[in-house]
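Asks: Turn this into a model:
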Amino acid sequence: MQDWLARVGIKPILIYIGSSWETEYNERFNGTLRCEVLNAERFTTTKQAQIVINHWLKHCNHFRPHQSLNMRPLVPETLISSGTKLRG
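Replies: Have a look, this model is predicted:
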């Protein structure tokens, strides 16, 4: 696994064993991605997977309501189309 990560340019981060609070959001994201996209589609190429995942990410970030935001999207499309700069 370490060799593959290095080949594709990913640097792993280290977390403390048993620290579920450090991976809580990542695990939720990974589970949702797996359930809604990866298990629902059959990909024949990496490019095809990238296109579908990017489409899903755009939907999640700009259109899909989030309970923690009072059912508003994470980054409303109106902010993106108006050219509003987001602080990060």
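Asks: any idea how far residue 75 is from residue 23?
Replies: In this view, residue 23 and residue 75 are 24 Å apart by C-beta to C-beta, to the nearest Å. For glycine as for every other residue, the C-beta is placed from the backbone atoms N, C-alpha and C.
Asks: Going by residue numbers, what spans are strands in the chain?
Replies: In the chain, no strands are defined using DSSP state E.
Asks: Tell me, how many residues neighbour residue 53?
Replies: 15 (other C-beta atoms under 10 Å).
Asks: now do residue 75
Replies: That count, for residue 75 with other C-beta under 10 Å as the rule, works out to 15.
Asks: What ranges does this protein have for its helices?
Replies: Under the criterion DSSP state H, helices of the chain are mapped to 2-7, 20-33, 46-62, 77-81.
Asks: residues making contact with the second one?
Replies: What that stands for is helix 20-33. For helix 20-33, the surrounding residues in contact (C-beta atoms under 8 Å, 6 or more residues apart in numbering) are 15, 16, 53, 56.
Asks: what pLDDT does residue 87 get?
Replies: Note for residue 87: predicted pLDDT of 55.
Asks: Please identify the deepest-packed of the helices of the chain.
Replies: helix 46-62 (a mean of 13; mean count of other C-beta atoms under 10 Å).
Asks: Quick one: mean pLDDT over that helix.
Replies: Rounded mean pLDDT across helix 46-62 is 91.
Asks: Could you do stretch 4-11 as well?
Replies: Averaged across stretch 4-11, pLDDT comes to 85.
Asks: next one: it to chain centre, how far?
Replies: Chain-centre distance of stretch 4-11: 18 Å, with C-alpha atoms, centre = their mean, to the nearest Å.
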